[in-house]
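> I'll drop the sequence and a predicted model, then ask my questions.
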Amino acid sequence: MESKYDFGLVGLGVMGRNFILNVADNGFTAFGNDLDEAKVKALIEEGGDVNKVSASTDAKEFVEALSTPRKIMLLVPAGKIVDAVIENLLPMLDKGDIIIDGGNSFFTDTDRREIYLKEKGINFFGSGVSGGAKGARRGPSIMPGGSKEAYQHIKPIFEAVSAKYEGEPCVTYLGPKSAGNYVKMVHNGIEYGLMQLTSEIYDLLKKAGGLSNEELHQTYSEWNKGRLQSFLVQITSEIFDQKDDLTDGDLVDAILDKAKQKGTGKWTSQNAMDLGIPVPTIDIAVSMREISALKDERIEADKLYDRPTPKAIDKAQLIATSEQALYFAFILTYAQGMAQLSDASKEYAYELDLADIAKIWRACCIIRAKLLADITKAYRDEPALKNLLLSKAFVPKVQSTVDAARSLVAFGAINGIPLPGLSNALNYFDAYTSQRLPLNLIQAQRDYFGSHTYERLDREGKFHTEWEAS
Ligand code: 6PG
């Protein structure tokens with residue numbers, strides 16, 4: 001009997017091609033499918049041996065080439081295309097087959113697809129994949145959610161192809177239903193926060209410290225050797241070193257200051273709002289992309305208002321303070337994202353293990369960072385930890401760096417340099433660590449104008465006061 005392929009992949013764009021070649025490199029046979037003849041040919045050529053990797057434009061040939069239960073991964077753009085591919089494959093599949101959506105699908109779409117396919121006997125996985133094209137080729141961080149039993153069929157392949165951190169695979173079964181897509185969504189929310197923070201510290205170092213791109217390159221590379229070590233700090237240092245092909249200058253200075261977004265950061269914020277979970281550093285990172293898009297209005301407004309000229313500041317001191325403040329704000333961003341996962345896990349019955357999540361983020365994904373080893377340990381030591389800020393291991397890390405955040409936020413405010421991510425992280429910290437907030441006044445106001453009632457500190461029950469009479 002002609003032997004069948006272990007793994008199928010639909011969508012042979014850069015991510016799909018790289019992922020399937022990675023599967024083949026790891027001792028599994030794989031078959032690809034794409035409507036584009038050129039992509040099919042390119043994969044067969046690059047694969048080198050059709051017994052290991054082959055592909056077809058024909059969906060029937062593709063399905064028939066796979067061993068059962070079929071394990072079919074989709075790496076196609078999120079949205080209607082995912083539904084269309086599923087509908088196309090469905091009549092040819094057998095009960096027990098597995099479809100894995102590897103894109104950034106919205107988690108409620110995954111829930112809908114999972115229920116729909118379960119009725120037909122097909123197992124559906126929403127599985128975030130992080131690490132970009134390089135990660136897909138050499139080992140991504142993979143975040144699968146779906147049926148625990150069916151995961152056993154894909155586990156060996158995913159563990160083999162994923163990134164490794166000290167020998168441990170950066171993939172684990174995360175939970176039922178859309179757990180995988182939800183975790184990937186929050187991963188991206190954290191990604192937005194960290195990117196905002198690294199970019200505003202760049203602004204500060206450049207405008208107040210007068211650092212050249214070469215000095216910025218040196219600074220971020222130094223930081224990347226210490227506790228800030230992370231993919232985003234590393235690529236930031238490399239970006240400052242990149243010359244422009246089209247001019248004599250540095251590339252970073254030629255790039256338009258408008259950041260685009262595909263939506264996962266916004267979804268993180270929106271869903272956090274829906275669930276009543278505060279993630280202000282992620283919220284502001286989304287808003288900053290929106291403010292960045294208002295380039296024409298910003299130019300107009302810039303002409304209407306005076307801005308203070310940043311005061312001279314000792315460069316070495318500014319760099320040292322920035323390192324501390326960035327470390328503080330990175331912790332606060334992870335803390336908010338992890339708190340969102342913790343609360344969402346209860347709301348959606350995902351039963352997430354936060355230590356496992358931090359663990360699979362330690363290598364290859366966009367938010368990989370040295371800090372994640374400490375975060376993994378904090379959740380391992382205290383699985384019921386409500387917030388990273390409550391971890392005894394994190395108290396000294398935060399306590400020793402918060403003053404740096406305070407001084408930079410104050411400096412930025414006085415000198416007209418926006419540091420919205422840092423100040424939101426600091427305000428979140430100050431609010432979260434305050435026994436008493438002024439929200440008693442808000443309750444009084446609500447009761448005053450709307451008879452919404454209030455609770456009291458000294459006795460149980462709901463109270464209402466006839467305020468206007470007083
Ligand atoms: C990853 C990334 C990736 C994401 C891009 C772009 O983990 O590999 O999160 O999935 O799509 O970073 O996101 P935005 O276009 O929203 O910035």
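Perfect, thanks for sending it. Numbers count the residues shown, from 1 in each chain.
> tell me the contacts of the residue in the stretch 201-350 of the chain positioned nearest to the ligand?
Residue of the stretch 201-350 of the chain nearest the ligand, by Cβ to the nearest ligand atom: K262 (3.6 Å). Every C-beta, even on glycine, is put in place using the N, C-alpha and C of the backbone. Residues in contact with K262, defined by Cβ atoms under 8 Å, 6 or more residues apart in numbering, are N104.
> what helices or strands is the one helix or strand D109 maps to leaning on?
Using DSSP states H and E, the element containing D109 is helix 107-119. On a contact count with 3 or more Cβ pairs under 8 Å, 6 or more residues apart in numbering; DSSP states H and E, helix 107-119 meets helix 80-89, strand 98-101, strand 123-130, helix 179-207.
> relative to the ligand, which of these is closest?
strand 123-130 (3.0 Å).
> the closest one: partners in the sheet, and parallel or antiparallel?
strand 98-101 (parallel), strand 141-145 (antiparallel) (DSSP bridges).
> just after that strand, pick out the following helix or strand.
Following strand 123-130 toward the C-terminus (DSSP H and E): helix 132-138.
> can you give me the angle the longest helix along the chain makes with helix 179-207?
Secondary structure of the chain read by DSSP state H shows that its longest helix is helix 315-348. Put simply, helix 315-348 runs at 160 degrees to helix 179-207, going by axes from the mean of the first three to the mean of the last three Cα atoms, to 10 degrees.
> distance between helix 315-348 and the chain's centre?
When C-alpha coordinates are averaged (Cα atoms, centre = their mean, to the nearest Å), helix 315-348 and its chain have centres 13 Å apart.
> could you pull out the buried residues of that helix?
318-319, 321-342, 344-345, 348 (16 or more other Cβ atoms under 10 Å).
> give the residue spans of this structure that score low on pLDDT.
Applying pLDDT under 70 to the chain picks out residues 1, 469-470.
> which bits of it sit near the ligand?
Contact residues (Cβ under 6 Å from any ligand atom) of the chain with the ligand: 104, 130-132, 188, 191, 260-262, 264-265, 365-366.
> ok, and the most crowded of those?
C365 (28 neighbours; other Cβ atoms under 10 Å).
> phi, psi of it?
phi -80, psi 170 (degrees, to the nearest 10).
> sorry, back to before: just the residues of the chain next to the ligand now: which is nearest D302?
K260 (21.9 Å; Cβ to Cβ).
> for that closest one, helix, strand, or coil?
coil (DSSP: H, G, I helix; E, B strand; the rest coil).
> residues contacting it?
With Cβ under 8 Å, 6+ apart, K260 has these contacts: R289.
> and it, backbone torsions?
Per degrees, to the nearest 10, the backbone of K260 is at phi -90, psi 170.
> how close does the closest residue in space to I190 that isn't next to it in sequence get to N213?
With sequence-adjacent residues excluded and distances taken as Cβ to Cβ, 6 or more residues apart in numbering, I190 is closest to G337, at 4.0 Å. In this view, G337 and N213 are 30 Å apart by Cβ to Cβ, to the nearest Å.
> what of Q152?
50 Å.
> quick one, which of those two is more surrounded?
N213 (19 against 10).
> domain assignment for the protein?
7-177, 184-432, 438-470 (automatic domain parsing).
> got the contact list for the residue of the stretch 301-450 of the chain at minimum distance from the ligand?
Residue nearest to the ligand within the stretch 301-450 of the chain: I366 (4.3 Å; Cβ to the nearest ligand atom). Neighbouring residues of I366 by Cβ under 8 Å, 6+ apart: 130-132, 187-188, 191, 231-232.
> switch the cut-off to 10 Å
Applying Cβ atoms under 10 Å, 6 or more residues apart in numbering, we find I366 in contact with 130-132, 135, 141, 187-188, 190-191, 194-195, 230-232, 235.
> with those in mind, which one is nearest to Q435?
I190 (27.7 Å).
> might one say that T219 is in contact with I319?
Yes: T219 lies in contact with I319 (Cβ atoms under 10 Å); the separation is 5.5 Å.
> what's around the nearest residue to I122 once chain neighbours are set aside, how many residues?
In space, and not counting its chain neighbours, I122 is closest to D97: 5.5 Å by Cβ to Cβ, 6+ apart. D97: 25 surrounding residues under other Cβ under 10 Å.
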